[in-house]
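*Asks:* Fold the following.
(one chain, ligands or ions: 2)
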Amino acid sequence: MQKLSPQEALEKYWGYKTFRPLQKQAVEAVLSGRDGLIVMPTGGGKSLCYQLPAACGIGLVLVVSPLIALMDDQVAAVNEMGLKAGALHSQARESERRRVFAELNNGTLNLLYVSPERLVAGGILDLIRPRVGLFAVDEAHCVSHWGHEFRPEYRQLGPLFAGFDGVPRIALTATATPQVQQDISTQLGLRNQVALIGHPDRPNLIYRSFPRYDQGHQVLEAIRQHHGEGGIVYAQTRKEVDRLVKTLARAGVSCASYHAGLSAAQRAKAQDDFVHERLDVIVATIAFGMGIDRSNVRYVIHANTPRSIEHYQQESGRAGRDGEPAECILFFSVGDLITHKALSFREEGISPARRRVIERQLSEIGRYAISPVCRHRLLSEHFGKPYPADAVEPAQSVECGACDVCLGETQALPTEEAQLTAQKIISAVYRTESRFGAVYVTKLLLGADDERIMANGHDNLRVFGLLKGTPEKAVRAWIDQLIVQGHLAVTEGEYPLLRVTESGLSVCKGTETARLGHPVIRTAKKKGRKSSTVLPVGPEETLFSNLRRLRLLLARKLSIPPYMVFADSVLISMSALKPADADSLRQIKGVGDAKRDRYGKAFLAVIAGVEPDGVADAFS
Ligand code: ADP
Ligand code: ZN
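*Replies:* Ligands and ions are numbered 1, 2, ... in the order given. A predicted model of the protein is given here:
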């Protein structure tokens, strides 16, 4: 194989002109024989860090990856680019196995993906010994007890690699605290490593967090902003998943459910339909997404609150891996936190230390959801980095332009008004002696004409009607916000009752401050919402949808996911630039030599006005 420089290989195979942050350093490190530890957020472009050295002629790259579905996707994608890759795992087909061994033997294979189990089982290392040029360990956090997905086989990798002194090792992960980083380095025996730790922020994601008052309605509204685009909806329970699917399907959304109550075959079908774009939306419990490599997921909606910021980062991170704008919305309710806590605490033999961790995580995600503070900043700071990355003063605030707070969709109440409002709400709980729930207290504050309030004589209380005229939704959201901030507490049980905490009393005395925020109510006519859709509009729209149609038809013909033919961004550029020949097509970011040769003619025909169906029929 011809030796190429990293830049040449990047252009030839990937069709990109520039590296993403840290990619070049990572590639250069291993090409110069050093070990590397790469921490980069999802979508940051980790795979290129070990695939590109293969294209530069480093020798065979052995990739250890824990997810079979992801392995097969990567193999297909790499082969599409014109490199040779294969995978060996328990579910590999016999014909595939034979091809891989043949290419291994004749020395043409560039990348070999294996599961850790397969590698540990033995045999492979002896086979590749003469040719291996790099060991890559993907999802490297699995090696650590401290991480969130410990896999015992990962612990045996270090000793296995020990027999290959001159072969560099590269470990990659999306999330690793400093403790986990240290563990990865020790366990995998990284020597004099180049550590490349990226910034956790994902600038192409628009984060939004709103109080939840009507799950089905709010989720549907959010999906309607993304007509025809792929999205994932996460819900807490199977029941909620099923209910949401019903609501969405009735409204004409193409969707399916995914949860542990379905058979393995049903789940595999849903996942496959989603990846191959026969389906726009998957509604799932958190079980979904681990093996999903669909890079053009344009939105992730949390219909319930996730268990921790780490979970939120991972789940929402499945949006926009192709770097194009994508939206992440969280519909928050304090009830979700209570449910999570009850379920986790039910676990047998749960230690007091573990309980404290769970409580801390729930309160962190609660604060993220309710704080009227830039969400990009909250997330970055949670992972220990300032926002923006070059901020000198941590307190400096910059509008990100990509979250509900910075876009003015959620506003903080002015300090004094917030304090006064909080005091009114806390007093209402106090005056009714902690015997009622949020619904009752809200009615009381609004001065509602309610039988129970009258029967209790509470219409005579001074707090009755103190917030008259305020939208009910706002009052409910404020109560949740006070709970998350610890000024109010809720009892456990079927009918949670509110009570005032020590810090709530301090708010009333004025020795502590409460902060409140509220969504800016949008009227139906005046939609103040910034659209996060990336689809072209106007005359380009028709061309774009024809190109998408062609991509879908070709993908079906070749049995590969559409995004593997071309990413969304490539089709968007094609509809804007309308290249007339193969050379100008090749100039588009994401069109490498192999794809130009294979698909160029077909796409150029559609750009020239030929119907996609006819072009696809003629494709061979
Ligand atoms: P990760 O594994 O870090 O989540 P991937 O390796 O899947 O990320 O890459 C995410 C997306 O970014 C892919 O669609 C990939 O083609 C694209 N990408 C990677 N590197 C570049 C680059 N240098 N320029 C443009 N796009 C890139
Ligand atoms: Zn912001």
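*Asks:* what's the burial count for residue 390?
*Replies:* Residue neighbour count, defined by other C-beta atoms under 10 Å, stands at 8 for residue 390. In this view, the C-beta of every residue, glycine as well, is placed from N, C-alpha and C.
*Asks:* so it, which of the three states?
*Replies:* Assigned with DSSP: H, G, I helix; E, B strand; the rest coil, residue 390 falls in the coil class.
*Asks:* Phi first, then psi, for it.
*Replies:* Here the main-chain torsion angles of residue 390 (degrees, to the nearest 10) amount to phi -100, psi 20.
*Asks:* Look up how far residue 174 lies from it.
*Replies:* To residue 174, residue 390 is 22 Å away according to C-beta to C-beta, to the nearest Å.
*Asks:* Get me the contact residues on this structure for ligand 2.
*Replies:* By the rule C-beta under 5 Å from the ion, the part of the chain lying against ligand 2 is 374, 376, 400, 403, 406.
*Asks:* go again using 8 Å as the cut-off
*Replies:* By the rule C-beta under 8 Å from the ion, the part of the chain lying against ligand 2 is 207, 374-377, 399-407.
*Asks:* which element is residue 236 on?
*Replies:* For residue 236, there is no host helix or strand (DSSP states H and E).
*Asks:* That one reaches residue 304, doesn't it?
*Replies:* Yes. Between residue 236 and residue 304 there is a contact under C-beta atoms under 8 Å: 3.8 Å.
*Asks:* Who has more neighbours out of those two?
*Replies:* A direct count of neighbours by other C-beta under 10 Å for residue 236 and residue 304 places residue 304 higher, at 24 against 21.
*Asks:* Now do the contacts for the more buried one.
*Replies:* Residue 304 is in contact with 212, 215, 234-236, 240, 331, 333, 336, counting by C-beta atoms under 8 Å, 6 or more residues apart in numbering.
*Asks:* Against ligand 2, how distant is it?
*Replies:* Relative to ligand 2, residue 304 is positioned 23 Å away (C-beta to the ion, to the nearest Å).
*Asks:* go on, residue 150?
*Replies:* Taken as C-beta to the ion, the span from residue 150 to ligand 2 is 34 Å.
*Asks:* let's number from 251 now, not from 1
*Replies:* Sure thing, new numbering starts at 251, so read that last one as residue 400.
*Asks:* Burial check on that residue, number of neighbours?
*Replies:* By the measure other C-beta under 10 Å, the count of residues near residue 400 is 13.
*Asks:* That one touches residue 392, doesn't it?
*Replies:* Yes. The pair residue 400 and residue 392 passes the contact test of C-beta under 8 Å, sitting 6.4 Å apart.
*Asks:* if I pick the closest residue to ligand 1 within the stretch 601-750 of the chain, what's in contact with it?
*Replies:* As assessed by C-beta to the nearest ligand atom, ligand 1 sits closest to residue 633 within the stretch 601-750 of the chain, at 15.3 Å. Residues near residue 633 by C-beta under 8 Å, 6+ apart: 425, 450, 563.
*Asks:* Could you single out the nearest of those to ligand 2?
*Replies:* Comparing those against ligand 2 with C-beta to the ion places residue 450 closest, at 14.7 Å.
*Asks:* Could you check how far the residue most central in space within the chain is from residue 547?
*Replies:* By C-alpha atoms, centre = their mean, the chain has its centre lying nearest to residue 567, at 1.7 Å. Distance of residue 567 to residue 547, given as C-beta to C-beta: 10 Å.
*Asks:* picking that back up, which neighbours do residue 486 and residue 554 have in common?
*Replies:* Common contacts of residue 486 and residue 554 (C-beta under 8 Å, 6+ apart): residue 586.
*Asks:* Helix or strand: which one has residue 578?
*Replies:* Element membership of residue 578, judged by DSSP H and E, is strand 576-582.
*Asks:* can you check residue 300 too?
*Replies:* Going by DSSP H and E, residue 300 is part of helix 296-305.
*Asks:* give the contact list for the residue of the stretch 401-550 of the chain found nearest ligand 1.
*Replies:* Among the residues of the stretch 401-550 of the chain, residue 545 lies closest to ligand 1, at 4.2 Å counting by C-beta to the nearest ligand atom. The contact partners of residue 545, taken as C-beta under 8 Å, 6+ apart, are 293, 571-572, 813, 817.
*Asks:* cutoff 6 Å now
*Replies:* Counting by C-beta atoms under 6 Å, 6 or more residues apart in numbering, residue 545 touches 571-572, 813.
*Asks:* just the helices in the stretch 751-870 of the chain please.
*Replies:* Remark: helices assigned in the stretch 751-870 of the chain by DSSP state H, counting those that start in this stretch are 752-759, 789-808, 812-815, 818-827, 832-836, 843-857, 862-868.
*Asks:* out of these, deepest packed?
*Replies:* With neighbours defined as mean count of other C-beta atoms under 10 Å, these peak in mean count at helix 812-815, which reaches a mean of 24.
*Asks:* need the residues of the stretch 451-600 of the chain near ligand 1, please.
*Replies:* 545, 571-573 (C-beta under 6 Å from any ligand atom).
*Asks:* In strands, which of these appear?
*Replies:* With strands defined by DSSP state E, no entry of those lies inside them.
*Asks:* could you measure the residue nearest to the centre of the chain against residue 270, distance?
*Replies:* Between residue 567 and residue 270 the computed distance is 15 Å (C-beta to C-beta).
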